[in-house]
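**Student:** Using only what follows, build the 3D model:
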Amino acid sequence: MNSETKIVTWDLRDAEGCGPRVINLGATILALDVPGANGRVTNVVLGLHDVDAYRASTYYFGCVVGRYANRIAQGRFSLDGQDFQLPVNNGPNSLHGGRCGFNKRVWRGEDLPHPNGKGVRLSLDSPDGEEGFPGDVRVSTSYVWTNDRQLIIEFEATTSKPTPFNITQHSYWNLGGAATWAGHRLQIAADAYLPTDEALLPTGEVRSVAGTAFDFRNGRIITPGDPAMDLNFCVSDARLPC
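**Tutor:** The predicted structure is shown next:
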């Protein structure tokens, strides 16, 4: 399949109904069905009901965001002696690529053969000057669902000139398949985090997680009383035990 304007769905589920469904609008994961503790297949990715809802949404459910994930203060940056002004779409700041980021674009899609499963590769061309960013960028996102039920996500990108570039897969995961994240056990191999200001921009300080609500090095249950964690953790070199 290959389309630049038509919205196409790729169903990568296996014979037991487990796996992701993906659309080329925003290279979005619509759902990821996996077997739960009770054996029942459950979707663990939050999403919306139809394409129009994804077009209208400002919550970035399941999509790939870019050219730049997270916020750029005042939508301004300097590169190689030149100042750039981006459109702002999050108060005074630029968020997740601007007003029409990668999440609102229709990507080209093609089936991706894989020796241990099946997948899809979604590609996008972002021209020089799009949303204020310099350089022509060609980017692809690949999703593969393996026969042993692993989801592999890979990004590739090239640019014709230096440019800020920071994309991510923006799914909201709920491994319990329930309406709330409360009760999940979270473990993060991070000794420090980046405090943010009221606009959720990093202040420049690097703060230890020790003695704070953001210390998840040993893992703990998260509750509705925990503070919001729309911030960056500084992941350490040490790998935590699973």
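
**Student:** Where does pLDDT dip in this protein?
**Tutor:** Applying pLDDT under 70 to the chain picks out residues 1-4, 178-180, 238-242.

**Student:** quick one: the helices in this protein?
**Tutor:** 51-56 (DSSP state H).

**Student:** residue with max distance from the center of it?
**Tutor:** Within the chain, the residue lying farthest from the chain centre (Cα atoms, centre = their mean) is residue 81, at 30.6 Å.

**Student:** Look up how far residue 92 lies from the closest residue to residue 140 other than its chain neighbours.
**Tutor:** Distances taken as Cβ to Cβ, 6 or more residues apart in numbering place residue 123 nearest to residue 140, at 4.4 Å, with adjacent residues excluded. For every residue, glycine as well, the C-beta is placed using N, CA and C. According to Cβ to Cβ, to the nearest Å, residue 123 stands 33 Å off from residue 92.

**Student:** One more: residue 40?
**Tutor:** Distance, residue 40 to residue 92, using Cβ to Cβ: 46 Å.

**Student:** Who has more neighbours out of the two?
**Tutor:** Legend: neighbour count by other Cβ atoms under 10 Å for residue 40 and residue 92, higher for residue 92 (12 against 8).

**Student:** ok, now which ones touch the closest residue to the more buried one other than its chain neighbours?
**Tutor:** Counting by Cβ to Cβ, 6+ apart, residue 74 is the residue found nearest to residue 92 once chain neighbours are left out, at 5.6 Å. Residue 74 makes contact with 88, 92, 93, according to Cβ atoms under 8 Å, 6 or more residues apart in numbering.

**Student:** Can you tell me the closest non-neighbouring residue to residue 232?
**Tutor:** Using Cβ to Cβ, 6+ apart and skipping residues adjacent in sequence, the residue nearest residue 232 is residue 194, 4.4 Å away.

**Student:** who's in contact with stretch 29-48?
**Tutor:** Applying Cβ under 8 Å, 6+ apart, the external contacts of stretch 29-48 come out as 9, 13, 16-23, 28, 54, 57, 61-62, 143, 149, 151, 169, 171-177.

**Student:** Buried residues, that stretch. List them.
**Tutor:** Buried residues in stretch 29-48, counted by 16 or more other Cβ atoms under 10 Å: 29, 30, 31, 32, 33, 34, 42, 44, 45, 47, 48.
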